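Colleague: Pasted the sequence and its predicted model underneath.
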2 protein chains.
Amino acid sequence: MASIRDVAKRAGLSVATVSHVLNGTRPAKQETQERVRSAVCGLGYSTNQAARNLAGGKSSFLGLIISDLRNPFFPEITSAFQDQALLRDMEPIALNTNYDVHRTLNCMRRMVSLQVPGVAILTSQIDPSVIDMLASKAIPAVFLDLGRVDRCISNISIDYEHGIEEALAHITENGHRQVSFIGGPCHPHSARRRKKAFFDRASAHELTVTGAIDSDFSVRGGYYACAKLLAMRGATAIVTGNDLTAIGALHCLYDRGVRVPQDVSVVGFDDITFAQYTQPALITVAVPREEIGRVAFQALWDLISNPALPGKQYSVETTLTVRQSTARAPDCDKPLP
Amino acid sequence: MASIRDVAKRAGLSVATVSHVLNGTRPAKQETQERVRSAVCGLGYSTNQAARNLAGGKSSFLGLIISDLRNPFFPEITSAFQDQALLRDMEPIALNTNYDVHRTLNCMRRMVSLQVPGVAILTSQIDPSVIDMLASKAIPAVFLDLGRVDRCISNISIDYEHGIEEALAHITENGHRQVSFIGGPCHPHSARRRKKAFFDRASAHELTVTGAIDSDFSVRGGYYACAKLLAMRGATAIVTGNDLTAIGALHCLYDRGVRVPQDVSVVGFDDITFAQYTQPALITVAVPREEIGRVAFQALWDLISNPALPGKQYSVETTLTVRQSTARAPDCDKPLP
DNA sequence: CGATGTCGCGAAAACGGTTACGTATCTGTT
DNA sequence: AACAGATACGTAACCGTTTTCGCGACATCG
C-alpha cells in the first residue's frame, strides 16, 4: 500500500505539502497540485483513514444505533441518516441492538472505541446505563422520544398528537361514536405516548372507547387483540398503535367475515411501506421516517459543531395518510338523534 | 481521553505490558493483570481503534455493499452479516449504493480508505469497474450471483432452479397446464437467471407458457403486467420474479374481480416478510436471506484468513413456501383427456 | 558454581497521517 | 538598495497503539 511518503517522494515534494494539497488546507502552486495529483494516480494512493483519524485527533465515524433492521420502521431512517452522513464525508456506523441491553452496551463500547464524535440512538427502549456511559464521556447524542434534553443530548420528539387528532377527526366525521384501541407493550415510551394521545383526542371528540388492549406490536398480536375486541362488540372503528398490529387486525376481521371498511373501519400507525398494499389499503398515521433520519443527523451535526451549545428539542409531525380502510359508520345513514 | 500511557502510568507498568495484558498476547503475572484491570476501570479507558488499526497494519472493519436498505430484500442480509461480524469483533460498515454506479464507486473508495480487509458486495447489478478496483488492490471480495470466481473473489450463487422446480411441480400437481411469468428488468443478472430457470422447468413439466412479461420488480409494475396478462387469457397460474410483483398482480386480480386462488393461482419469489400477510397469503419461492448474510460473512472470513487460497463458489438453496395463493386449476375437476 | 533456560517485563521503533513552526523566494514599496 | 509582507514549501513533533528486541531475575542442571 502506497503511503503519503511514497507520494511525496514520487512528486518530489514533502509529505506536508502533499497532505495540504490533498486536503486543500494550504494554498499551493498549480504545478505542485498537478504533481501531487499525478503521483497519487500513478501509485493508486488512497489516504489511510485510521492514520488520519489518529493524527487529527478526531474520527470520521458517526454512530447510529437502532433496534432492529428487520423492523420496517428502521431501514428508511437508516438510509436517510446514511445519505446525510455521506454528504458530509462521515462514515455512518449503523448497529442494531436486537432489543438487547447487553448488545446495546457492546455497541456503545464499540462506538467509544471508534472515537465517534457523536451517536444517534434511535431505539424505542433506552437503557439509562447507555445515557450514563455517554454522559461520562461527554459524547454528543441524539435520542428519539427520550423525554429530556441535556448538555450533550438533543432529542427528537414525534408529535403523535397531531396525526392521531387527524385520525380521530376523520373517524368522527364518518359518524363513528365508539372506537377501540390496540396499543403496544407498555415498556417503550413511544407506545405509551401513542396511547395517551389516543385517549386525549378521543375524549376531545367525545368518542366512547370500547376496549383498549395492550398488544406487542406484531401481526400475530394484532390478530388476537382484534379477536378479543370483537367479543366485546360495539366499536365501529379500531385504531392501532402500529401497522403490523393493524394488519393482524385486518386478517382477523377477514377471517371472521367482518368486512373492512363497511362493517368496521381500521386505522394503523407508522405508514410502513406495506400499509399501502394491504387489502383494503390501510389508512394510517404516517410517521416521517426519512425525516427522522435526516433530522437525527442534523441534530447530531449541530451538537458536534458546537459542543458548547446545550441540546435542543426537535419535533417531527405525524399526519394521516388516507386510503381505503375506513368508511362511514355502519348505522350512520340513520339520522343522528 | 485516557490513553494507554495513562493506564501504564497509573498501574506503574510499561505500555507494552498494558497492551499485552489487554490483548492477552503475552503471559503476565496475576497481580500485573489486576493492576492493569483496575487502572483501566479507574480511568474509564477504552482502546483507540484508529491507533490500533494503524499500528497493527490492519483494520477491524468489514465492508458490506448493498443496493438499497429500503428494499425488503436487504435488511435481513445486513442484519445477519452484522451479527456474524460482531461475533468476530469486526465492525461491519454497511453502505447502500442506491443503484447508482457513482455512489458505488464512492463507497468502494471509502472502503479502501478504511483499509477494509475484505468486502461483500451483495447488490444485483455490479459494475465491472468495481471489480477492477478491488482486483487492483487485491482486496478479498464476495459477490452475489456474479458468475465468476477468481483469486480474491468468492461468489454466492443462488440456486433458483430448485425453488422454481418446486413451484412448477406444485402447480403441475394442481392440474395447471398454462402458466404466465412476470419477470424483472433484464439488466440484473439475477432476474435473467430466474427467468431462465422458469422456462427450463416449465418445459420440463410440459407446461405451456402463455405470456411472459418483463416488468420492473415493483408493485405497480406487477399490477400493470398482470393486467396485460389478463388480456391474453388462457393461463391459470402466474409466477412472478419477485414478491412485490406478485403483490401487484394480486391487487390487479382483485380489482378485476378475478379470485385468487380459485380462478388464478399466483406464486411469488423471495418470500419477503410481508408475503405471509397478503390476502390470500402468498405462496412464494423463498430466498434464504439470512443465510446469504451469514454465508457472505463466512466466505469473506475464509478469504481473509487464507489470502493464498483461491475464491470459492458457495450456493444457497431456494425452496417453495406453501401458503394460500394457489389451488387446483379451475377446469380441473373434469377428468384429464 | 557457572552455564542454560524460562519468565516477566520495559524501551523504543514503527504505523501513516496532520499541523505548528520555520525558512526560502518573490513582489512591491520607499 | 533595503525591507516588509506575501507566497510556497519543508522539518519534525505528535497522535495511541502494536510489536520486536533485549535485559534482568530466578530456577534448573551438570
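Modeller: Cool, got the structure. Numbers count the residues shown, from 1 in each chain, chains lettered A, B, ... in the order given.
Colleague: Mind listing what's buried along the lowest-mean-pLDDT helix or strand in chain A?
Modeller: Every helix and strand of chain A was ranked by mean pLDDT, DSSP states H and E. The lowest is helix A:128-137, at a mean of 90. Within helix A:128-137, the residues that count as buried by 16 or more other C-beta atoms under 10 Å in any protein chain shown are A:130-131, A:133-134. Where C-beta positions appear, they are placed from N, C-alpha and C, glycine not excepted.
Colleague: is that helix anywhere near chain B?
Modeller: Yes: using C-beta under 8 Å from any C-beta of the partner chain, helix A:128-137 reaches chain B at A:136-137.
Colleague: Just the CA trace of that helix, in CSV.
Modeller: Listed next in CSV are the C-alpha coordinates belonging to helix A:128-137 (Å, rounded to 0.1, in the frame of the first residue of the first chain):
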residue,chain,number,x,y,z
PRO,A,128,-30.3,4.5,31.5
SER,A,129,-26.9,3.0,31.6
VAL,A,130,-26.4,3.9,28.0
ILE,A,131,-27.1,7.5,28.8
ASP,A,132,-24.7,7.4,31.7
MET,A,133,-22.0,6.0,29.6
LEU,A,134,-22.4,8.7,27.0
ALA,A,135,-22.6,11.4,29.6
SER,A,136,-19.4,10.2,31.4
LYS,A,137,-17.5,10.5,28.1
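Colleague: How far does that helix sit from its chain's centre?
Modeller: 21 Å (C-alpha atoms, centre = their mean, to the nearest Å).
Colleague: Residues touching the following helix or strand past it, excluding its own?
Modeller: Note on helix A:128-137: by DSSP states H and E, the next helix or strand toward the C-terminus is strand A:141-144. For strand A:141-144, the surrounding residues in contact (C-beta atoms under 8 Å, 6 or more residues apart in numbering or on different chains) are A:118-124, A:126, A:131, A:134, A:152-156, A:158, A:190, A:292, A:296, A:299-300, A:303.
Colleague: List the neighbouring strands of strand A:141-144 plus their orientation.
Modeller: strand A:119-121 (parallel), strand A:153-159 (parallel) (DSSP bridges).
Colleague: returning to what we had before: give the buried subset of the contacts of strand A:141-144 as a PyMOL selection command.
Modeller: A single PyMOL command is used to select the members of the contacts of strand A:141-144 judged buried by 16+ other C-beta under 10 Å:
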select buried, chain A and resi 118+119+120+121+122+123+124+126+131+134+152+153+154+155+156+158+190+292+296+299+300+303
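Colleague: who's in contact with the residue positioned nearest the centre of chain A?
Modeller: Nearest to the mean C-alpha position of chain A, counting by C-alpha atoms, centre = their mean, stands A:Ile77 at 4.7 Å. When the contact criterion is C-beta under 8 Å, 6+ apart, the partners of A:Ile77 are A:66, A:122, A:289-290, A:292-293, A:296.
Colleague: need the residues of the stretch 201-337 of chain A near chain B, please.
Modeller: Counting by C-beta under 8 Å from any C-beta, the residues of the stretch 201-337 of chain A near chain B are A:219, A:247, A:251, A:254, A:273-274, A:277-279.
Colleague: Kindly write the PyMOL command that selects the buried subset of those residues.
Modeller: To isolate the buried ones among these in PyMOL, judged by 16+ other C-beta under 10 Å, type:
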select buried, chain A and resi 219+247+251+273+274+277+278+279
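Colleague: List, one by one, the residues from chain A near DNA strand D.
Modeller: Contact residues (C-beta under 7 Å from any atom of the strand) of chain A with DNA strand D: A:12-17, A:26-29, A:31-32, A:51, A:54-55, A:57.
Colleague: now, which of those residues lie close to DNA strand C?
Modeller: A:15-16, A:51, A:54-55.
Colleague: Among those residues, which are located in helices?
Modeller: If you go by DSSP state H, these have A:15-16, A:51, A:54-55 in helices.
Colleague: what's the farthest-apart pair in those residues?
Modeller: Spatial extent of these (C-beta to C-beta) is set by the pair A:Ala16 and A:Leu54 at 16.9 Å.
Colleague: These two: which is more packed in?
Modeller: Neighbour tally, A:Ala16 and A:Leu54, criterion other C-beta atoms under 10 Å in any protein chain shown: the higher count belongs to A:Leu54, 20 against 12.
Colleague: right, and the more buried one touches B:Gln49 too?
Modeller: No: contact criterion C-beta atoms under 8 Å: A:Leu54 and B:Gln49 do not qualify, at 9.5 Å.
Colleague: pLDDT of the strand or helix carrying A:Leu229, averaged?
Modeller: Element membership for A:Leu229 (DSSP H and E) is helix A:219-232. The average pLDDT for helix A:219-232 rounds to 95.
Colleague: tell me which strands and helices that helix is in contact with?
Modeller: When contacts are defined as 3 or more C-beta pairs under 8 Å, 6 or more residues apart in numbering or on different chains; DSSP states H and E, helix A:219-232 sits against strand A:178-183, strand A:208-214, strand A:237-240, helix A:243-255.
Colleague: for the stretch 1-150 of chain A, what spans make up the helices?
Modeller: A:4-11, A:15-23, A:30-43, A:49-56, A:74-87, A:101-113, A:128-137 (DSSP state H, counting those that start in this stretch).
Colleague: what's the most buried one of those helices?
Modeller: helix A:74-87 (a mean of 21; mean count of other C-beta atoms under 10 Å in any protein chain shown).
Colleague: just the angle between that helix and helix B:101-113, please?
Modeller: Using axes from the mean of the first three to the mean of the last three C-alpha atoms, to 10 degrees, the direction of helix A:74-87 lies 80 degrees away from that of helix B:101-113.
Colleague: Next, format the ones next to DNA strand C among the residues of chain A next to DNA strand D as TSV and append distance to chain B and pLDDT.
Modeller: Output for those, formatted as TSV (distance: C-beta to the nearest C-beta, whole Å; pLDDT from 0 to 100):
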residue	distance to chain B	pLDDT
A:Val15	16	96
A:Ala16	19	96
A:Ala51	5	96
A:Leu54	4	96
A:Ala55	9	96
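Colleague: Now render the residues you listed as a markdown table, adding distance to A:Asp145.
Modeller: Converted to a markdown table, these look like this (distance: C-beta to C-beta, whole Å):
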| residue | distance to A:Asp145 |
| --- | --- |
| A:Val15 | 48 |
| A:Ala16 | 48 |
| A:Ala51 | 39 |
| A:Leu54 | 36 |
| A:Ala55 | 38 |
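Colleague: So which bits of chain A are right by DNA strand C?
Modeller: A:1, A:3-5, A:15-16, A:19-20, A:22-23, A:25, A:45, A:47-48, A:51-52, A:54-56.
Colleague: Recalculate using a threshold of 6 Å.
Modeller: A:1, A:3-4, A:15-16, A:19-20, A:22-23, A:25, A:47-48, A:51-52, A:54-56 (C-beta under 6 Å from any atom of the strand).
Colleague: Please verify my assumption that A:Pro185 contacts A:Ser218.
Modeller: No: at 9.9 Å, A:Pro185 does not count as touching A:Ser218 under the criterion of C-beta under 8 Å.
Colleague: State the number of residues packed around A:Ile139.
Modeller: A:Ile139 has 21 nearby residues by other C-beta under 10 Å.
Colleague: Could you tell me which of the contacts of A:Ile77 belong to helices?
Modeller: A:289-290, A:292-293, A:296.
Colleague: what about chain A, any weak spots by pLDDT?
Modeller: A:331-337 (pLDDT under 70).
Colleague: 80 instead?
Modeller: Residue ranges of chain A with pLDDT under 80: A:124, A:147, A:331-337.
Colleague: For the stretch 51-200 of chain A, which residues are neighbours of chain B?
Modeller: Checking the stretch 51-200 of chain A against chain B by C-beta under 8 Å from any C-beta, the hits are A:51, A:53-54, A:59, A:68-70, A:72, A:74-76, A:78-79, A:82, A:86, A:91-96, A:106, A:109-110, A:112-115, A:136-137.
Colleague: Now stretch A:162-175: buried residues?
Modeller: Quick answer for stretch A:162-175 (16+ other C-beta under 10 Å): A:162-168, A:170-172, A:174-175.
Colleague: just stretch A:136-150 next, same as before
Modeller: Quick answer for stretch A:136-150 (16+ other C-beta under 10 Å): A:139-146, A:149.
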